[in-house]
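**Student:** Any chance you could fold what I've pasted below:
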Amino acid sequence: MTLAVLQPGYLPGIPLFAMLAAADVVLLADDLQYSTRGNLNRARIKTAIGAQWLTVPVLTKGRQGQSIAAVRIDPYHEWRKRHWRSLMVNYAPAPYWGRYESALEEVYSHSWGSLLDLNQTLIELFTQELGLKAPKGLTSCFKTRPARTEKVVDLLRASGCDTYLVLRAEHPLLDSECIGDAGLAVRPVDVVEPIYHQLFGAFVPGLSVLDLLMNEGPAAAALIQQSVKVAP
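**Tutor:** The predicted structure is shown next:
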């Protein structure tokens, strides 16, 4: 049984869903320290003038070191209307906008307080549309040691898995020998983003999986499956 632990980003990109396709069990890492440098509260979509960032405003002042689970959305910004309008303007011409419009509109009509709740809801929506299994739970539900490698060992044992899948770029951050000494294994995963039809000219990589769904619809599931390769 294989395990992957993924950070719950906002409107995540293809790699997160490729890992969902590859692993037997997936947990969302909500007990890690929140970082403003990642994509936990932002995502890229494609527009007529190129890629555009959509950013969810969150409260960070006086909250240094807060966990992902603790991050609150700033209630004084009207980000939902702006994001929904950006999605409508740029994806209404897409072949499959009508397929996803009502579900997305429901998400953006809700008043969100927790960034994690928002991101989980979107991830579950996309996994359902892609025919993937939803994440099994949150890492905070398990008692683990804080160091990265020891945490992986503890999560593997707690989830009943024996092999940890990790994106190749993150593989050097783990002590594979230590994990092997525990009778467990690590396998790096390569994700090659598929080239697919997009609106507005030449292909742009690194966008939200939403862009893939809007342009490819049901075919997106097969493209996700083909994008991932697990090392032996």
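**Student:** rest of the way, CA atoms for contacts and neighbours
**Tutor:** Fine.
**Student:** residue with max distance from the center of the chain?
**Tutor:** Relative to the centre of the chain, and counting by C-alpha atoms, centre = their mean, the farthest-placed residue is residue 181 at 30.3 Å.
**Student:** quick one: that one from residue 150, how far?
**Tutor:** Computed as C-alpha to C-alpha, to the nearest Å, the residue 181 to residue 150 distance reads 12 Å.
**Student:** do residue 141 as well
**Tutor:** For residue 141 relative to residue 150 (C-alpha to C-alpha), the value is 16 Å.
**Student:** what about these two, which has more around it?
**Tutor:** More neighbours surround residue 150 than the other of residue 141 and residue 150, with 17 against 10 (other C-alpha atoms under 10 Å).
**Student:** check contacts around residue 68.
**Tutor:** Contact analysis of residue 68 by C-alpha atoms under 8 Å, 6 or more residues apart in numbering lists 29-34, 116.
**Student:** I should have written residue 168 there, sorry.
**Tutor:** Shown in contact with residue 168 (C-alpha under 8 Å, 6+ apart): 188-190.
**Student:** re the thing from before, could you single out the nearest of the contacts of residue 68 to residue 229?
**Tutor:** Of all the contacts of residue 68, residue 229 sits closest to residue 29, with 22.3 Å by C-alpha to C-alpha.
**Student:** Let me see the contact set for that closest one.
**Tutor:** 5-8, 68, 138-140.
**Student:** So among those, which ones count as buried?
**Tutor:** Buried members of the contacts of residue 29, counted by 16 or more other C-alpha atoms under 10 Å: 5-8, 68, 138-139.
**Student:** Distance of the nearest residue to residue 77 once chain neighbours are set aside relative to residue 103?
**Tutor:** Of all residues not flanking residue 77 in the chain, residue 57 sits nearest, at 7.1 Å (C-alpha to C-alpha, 6 or more residues apart in numbering). Using C-alpha to C-alpha, residue 57 is found at 22 Å from residue 103.
**Student:** And the two? Which one has more around it.
**Tutor:** residue 57 (17 against 12).
**Student:** For that one, grab phi and psi.
**Tutor:** Residue 57 adopts backbone torsions of phi -70, psi 130, taken as degrees, to the nearest 10.
**Student:** From the structure, what's the count of residues near residue 22?
**Tutor:** With other C-alpha under 10 Å as criterion, residue 22 counts 20.
**Student:** just to revisit the earlier point, in strands, which of the buried ones among the contacts of residue 29 appear?
**Tutor:** Counted as lying in strands by DSSP state E, out of those, are 5-6, 138.
**Student:** returning to what we had before: just curious, which of the contacts of residue 29 is nearest to residue 92?
**Tutor:** residue 8 (26.2 Å).
**Student:** In this protein, where is pLDDT below threshold?
**Tutor:** For the chain, no stretch has pLDDT under 70.
**Student:** show me where this protein has strands.
**Tutor:** With DSSP E as the criterion, the chain has strands spanning 2-6, 25-28, 42-47, 50-55, 137-138, 163-167, 185-191, 228-230.
**Student:** For residue 110, which of the ones you listed is the nearest?
**Tutor:** Of the strands of the chain, nearest to residue 110 by C-alpha to C-alpha is strand 50-55, at 16.7 Å.
**Student:** Enumerate the positions of stretch 188-201 that are buried.
**Tutor:** So stretch 188-201, judged by 16+ other C-alpha under 10 Å, has buried residues 188-191, 193-194, 198-199.
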